[in-house]
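> Provided below are the primary sequence and the corresponding predicted coordinates.
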Amino acid sequence: MERTGRMGTRNREDGAGGKSMKSGEGVIFMLKCLLVSYVLTAGLLLLLALMLYRFGLKENIVNICIIAIYVIVTFLSGMMAGKRAGSRRFLWGLVMGVLYFVVLAAVSLAVNRSLQDVANNFVTVFLLCAGSGMLGGMVS
């Protein structure tokens, strides 16, 4: 996309704030975003476990906090991906949310060895992760 600057000169914008992202760099960046999001998830879940131990939180409060952690982390990873991508930010945020959910579901399946526990909230958690990632991308 070309646009005219203040002095009438034409500037070339590639949608990424002057930086173009090659496909190899994009994959590496997405993996870094996923790593950061899972480190943040682990830290927040450890904090929640400490609060559970210390204050004896009820099960429904813990479940709400876990869902809130998923939403906050995917929102932040969507923001990181959207800032880096520059154009189609919502799409990159959506991709981050979906990737986060895929890894989450794969780990859950590996630990539980059945689909029953995952299937109970499968669609809800997918929609929350994908939607908050997309919202983070749009806000970025």
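Yep, it's here.
> Need phi/psi at Ser87.
phi -110, psi 160 (degrees, to the nearest 10).
> How about Gly86?
Backbone torsions of Gly86, given as degrees, to the nearest 10, read phi 90, psi -60.
> any idea how far Leu35 is from it?
Going from Gly86 to Leu35 by Cβ to Cβ, to the nearest Å gives 22 Å. Every residue, glycine included, has its C-beta placed from N, CA and C.
> what about these two, which has more around it?
Gly86 (18 against 11; other Cβ atoms under 10 Å).
> Please identify the buried residues of stretch 105-113?
Ala105 (16 or more other Cβ atoms under 10 Å).
> Next: stretch 125-135.
Across stretch 125-135, burial judged by 16+ other Cβ under 10 Å covers 125-126, 128-135.
> Mind checking which of the residues you listed are in helices?
With helices identified by DSSP state H, the entries of these that belong to them are 125-126, 128-135.
> you'd agree Ile67 is up against Ser132?
No: if you go by Cβ atoms under 8 Å, Ile67 and Ser132 don't touch, sitting 10.2 Å apart.
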